[in-house]
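1. Need coordinates for the below:
(2 chains)
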Amino acid sequence: MRLDTTNPDIDFSRRRQMEADKPTSLTVQRNRQEDKQSWVEQNPGIRDFYDENDQFTVTNKERNGYREFLAGLEDWERETLTRAVEDDLNYYVLQFSNLGGLVMPILLELEFADKTTRRYEIPAEIWRRNSKQVKKLLVLEKDLRSIVVDARWETADVDMENNHYPRRIIPSRIEMFKAPPRDGLEYRDLMQDSKTALDECVTDDTGEPVDTSDATCNAQ
Amino acid sequence: MYRQSLWIVSLLLFAVTTDALAHQAKESVTRVLFNNRTGNIEVMHRFLAHDAEHAIRQIFDGNPDVLLSQNERERFTRYVSERFTLRDQDGTELPLHAVGNEIDGAYLWIYFESAIPTTLKSLTVTHDALRDLWPAQTNLVTVERNGETASALFAKGAESITIELGSHSAAQTP
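-> Numbering: from 1, shown residues only, chains lettered A, B, ... in the order given. Okay, the predicted model is just below:
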């Protein structure tokens, strides 16, 4: 979550970008594919004020409102706002519910947009004012992508399904039992497999070894 | 001398006690999970493998080596299926299909499942597995549905326990 600066010259431009980032409608896409043009595009002469300005155009009315807002602030409030706008950090409010009843530290693993991760540990004292539900504000430099509560299973949590944001499906024990067995080098029974005796040299119809690099064939 | 003898007796008692504890717990845990993704009620029984071994020896007079014999595990699965039931509010028994079993560490897991009925207001659970062998056996059943959990403890005289699924309150029938 990015802080609104309340400056219309900054905020309106950001909101225009957010609107532009939305998916293009199917109607517009198909019109483009068929090279169809709107009435205004076919007749440039009829373009008017509303074709030149969109809903995010800043007028002096908004600028005056911003100046009045600044004038109404205390000096320290203005300095704080200026610093927050310059820092341009990300603000996240995380809400936690205590479903089981026992208060525990909240151990978070944060994953950012650049794929880096960071541990963030909130002491159990956070529950001292409200043992049912708490909120925590995180101010971060990077964009947050996902959050996992107790990713390393360090607390007495019996339900791991609700520990992920965005929500992640955790297969039940029976679903995992039904799933095909895992294969891969790391799942071999290496100690048992290492006891396997080597087969004798295998030859083709002409008596030549199938595997020319086979050491047992070369020894014969 | 007296003090030394007392120490030896205490150590022997401790060794006997820990040995007994290491073999039989006489406790099982069963998780009944309403899995909306698969549309099934999943029943996961967890028995201590040693308990199952002792039971197989007593019930079937069979090879108690549960850890190695799939055959003995399946016999024990059938034994459990005859002693664990789920019934709806009308007393109709939900058909539980055996999914399989596996050994995980010191535990034997046995899996059953049944399709979630369209209307289910309450669930009456009976769990007599191993209780017909040992009076001290306790079976804990937890029922999880839509993030809410209710539990039923089968110990002493408890025969069936009804769990109201709306509020998840459990009523015990002696």
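
2. Tell me which residue of chain B lies closest to chain A.
-> Proximity of chain B to chain A (Cβ to the nearest Cβ) peaks at residue B:42, 4.5 Å away. In short, each C-beta sits where N, CA and C put it, glycine included.

3. Quick one, grab the pLDDT at residue A:7.
-> Residue A:7 is assigned a predicted lDDT (pLDDT) of 92.

4. Same check on residue B:32?
-> At residue B:32 the predicted local distance difference test score is 95.

5. Provide the backbone phi and psi angles at the most centrally placed residue in chain A.
-> By Cα atoms, centre = their mean, chain A has its centre lying nearest to residue A:145, at 2.2 Å. Main-chain torsions, residue A:145, degrees, to the nearest 10: phi -110, psi -40.

6. I'd assumed residue A:63 was in contact with residue A:8.
-> Yes. When contacts are counted by Cβ atoms under 8 Å, residue A:8 is listed as touching residue A:63 (6.1 Å).

7. Of those two, give the one with the bigger neighbour count.
-> When residue A:8 and residue A:63 are compared on other Cβ atoms under 10 Å in any protein chain shown, the one with more neighbours turns out to be residue A:8, at 20 against 13.

8. Leaving out the residues flanking it, which one is nearest to that one?
-> For residue A:8, the nearest residue in space outside its immediate sequence neighbours is residue A:62; the separation is 3.8 Å by Cβ to Cβ, 6 or more residues apart in numbering or on different chains.

9. Kindly provide the distance from the one you found to residue A:82.
-> For residue A:62, the distance to residue A:82 (Cβ to Cβ, to the nearest Å) stands at 19 Å.

10. Residue B:44: neighbour count?
-> One way to gauge burial is a neighbour count; for residue B:44, by other Cβ under 10 Å, it gives 20.

11. Wait, it touches residue B:35, no?
-> No. With contact defined as Cβ under 8 Å, residue B:44 does not count as touching residue B:35 (10.8 Å).

12. Mind telling me which residue of chain A is nearest chain B?
-> Nearest to chain B, among the residues of chain A, is residue A:174, at 4.5 Å (Cβ to the nearest Cβ).

13. Just give me the neighbour total for residue 163.
-> Unless you meant another one, I'm taking chain A. Residue A:163 has 19 neighbours, counted by other Cβ under 10 Å.

14. wait, chain B
-> Counted by other Cβ under 10 Å, the residues lying close to residue B:163 total 22.

15. which sections of chain A are below the confidence cut-off?
-> Low-confidence regions of chain A, defined by pLDDT under 70, span residues A:215-216, A:218-220.

16. Just the CA trace of stretch A:136-144, in CSV.
-> Below are the C-alpha coordinates for stretch A:136-144, written out as CSV (Å, rounded to 0.1, in the frame of the first residue of the first chain):
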residue,chain,number,x,y,z
LYS,A,136,0.4,-4.6,13.0
LEU,A,137,1.6,-1.9,10.7
LEU,A,138,4.7,-2.7,8.7
VAL,A,139,6.6,0.1,6.9
LEU,A,140,8.8,-1.5,4.2
GLU,A,141,11.0,-0.2,1.4
LYS,A,142,10.2,-3.1,-0.9
ASP,A,143,7.0,-4.3,-2.4
LEU,A,144,5.6,-7.3,-0.5
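
17. Any part of stretch B:105-113 near chain A?
-> Yes. Remark: stretch B:105-113 sits within contact range of chain A at B:109, B:111, B:113, by Cβ under 8 Å from any Cβ of the partner chain.

18. quick one: contacts for the closest residue to the second one other than its chain neighbours?
-> In space, and not counting its chain neighbours, residue B:111 is closest to residue B:99: 3.9 Å by Cβ to Cβ, 6+ apart. Residues near residue B:99 by Cβ atoms under 8 Å, 6 or more residues apart in numbering or on different chains: A:174, A:177-178, B:111-113.

19. what's the pLDDT at residue B:99?
-> 95.

20. Secondary structure element holding it?
-> Under the criterion DSSP states H and E, the helix or strand holding residue B:99 is strand B:97-104.

21. and that strand, which strands flank it?
-> strand B:107-115 (antiparallel) (DSSP bridges).

22. Which element is encountered next along the chain beyond the partner strand?
-> Using DSSP H and E, the helix or strand that directly follows strand B:107-115 along the chain is strand B:122-127.

23. Using PDB, write down the CA coordinates of that next one.
-> Extracted as PDB, the C-alpha positions of strand B:122-127 are listed here (Å, rounded to 0.1, in the frame of the first residue of the first chain):
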ATOM      1  CA  SER B 122     -25.000 -33.600  13.200                       C
ATOM      2  CA  LEU B 123     -22.500 -36.400  13.300                       C
ATOM      3  CA  THR B 124     -22.800 -39.300  15.700                       C
ATOM      4  CA  VAL B 125     -19.400 -41.000  16.200                       C
ATOM      5  CA  THR B 126     -18.700 -44.400  17.700                       C
ATOM      6  CA  HIS B 127     -15.100 -45.600  18.100                       C
END
